[in-house]
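J.: Got a sequence here, can you build the structure:
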Amino acid sequence: MRKNRKNISNIGRIIKIVLLILVASLLIKGLLARVIQDYKRYLSLKREFAELYNREKELRKQLTELQRKEKEDVQQDVLEKEVRLKLGMKKKGEKVVMIVPPTIATTSTSIFPTSGEQEKKDGCGVLSYFRELWYDFIGNFKTLGKNILKKRD
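T.: Predicted structure coming up:
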């Protein structure tokens, strides 16, 4: 009977060891599968990162080129406007308005000049007067704005 019990206990130990080895091998297999899966994902992400990095470099080059072209276009537009202004030309469909500052400051408050000599001095009479009136009007608004700001302080 004792021998029988020893055999049963030995069989129980062997079964426990086999089950332990089986569980351990299943755990190792699961961990190994997870490591392989993570490594494949790592390689995929690394490849995607390289592609995105190269794309970023291409886009930065394109941006730099576009900024350079925009700067050239702006410079050409400014140069073109200056040339047209100096030569007295305009683009087709463009409306040009020239504002010429007054050459003679008047202190008169009447709307129209009082003598023909004033018209000869200004060169265009009523138009000259309205131009001066306009600049006086703008000057009054600037003075009014400054006074309002002084009162706030």
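J.: Val100: what secondary structure?
T.: Following DSSP: H, G, I helix; E, B strand; the rest coil, the label given to Val100 is coil.
J.: Hmm, it is touching Arg131, no?
T.: Yes - using Cβ atoms under 8 Å, Val100 is in contact with Arg131, at 7.2 Å. Quick note: C-beta positions are derived from backbone N, CA and C, even for glycine.
J.: more neighbours, those two?
T.: Neighbour count, other Cβ atoms under 10 Å: between Val100 and Arg131, Arg131 has more, with 17 against 9.
J.: Could you report the distance from the residue lying closest to the more buried one once chain neighbours are set aside to Glu48?
T.: Once flanking residues are discounted, Arg131 sits nearest to Pro102: 5.7 Å by Cβ to Cβ, 6 or more residues apart in numbering. Pro102 is 69 Å from Glu48, where distance means Cβ to Cβ, to the nearest Å.
J.: neighbour-wise, which of the two wins?
T.: Neighbour totals were compared for Pro102 and Glu48, and Pro102 leads with 15 against 10 (other Cβ under 10 Å).
J.: Could you pull up phi and psi at that one?
T.: phi -70, psi 150 (degrees, to the nearest 10).
J.: Make 34 the first number, not 1, from now on.
T.: OK, 34 is where the count begins now, so the last one is Pro135.
J.: Per-residue pLDDT of it, please?
T.: For Pro135, the pLDDT comes out at 75.
J.: Was I right to think it contacts Phe163?
T.: No - Pro135 is beyond contact range of Phe163, at 10.4 Å (criterion: Cβ under 8 Å).
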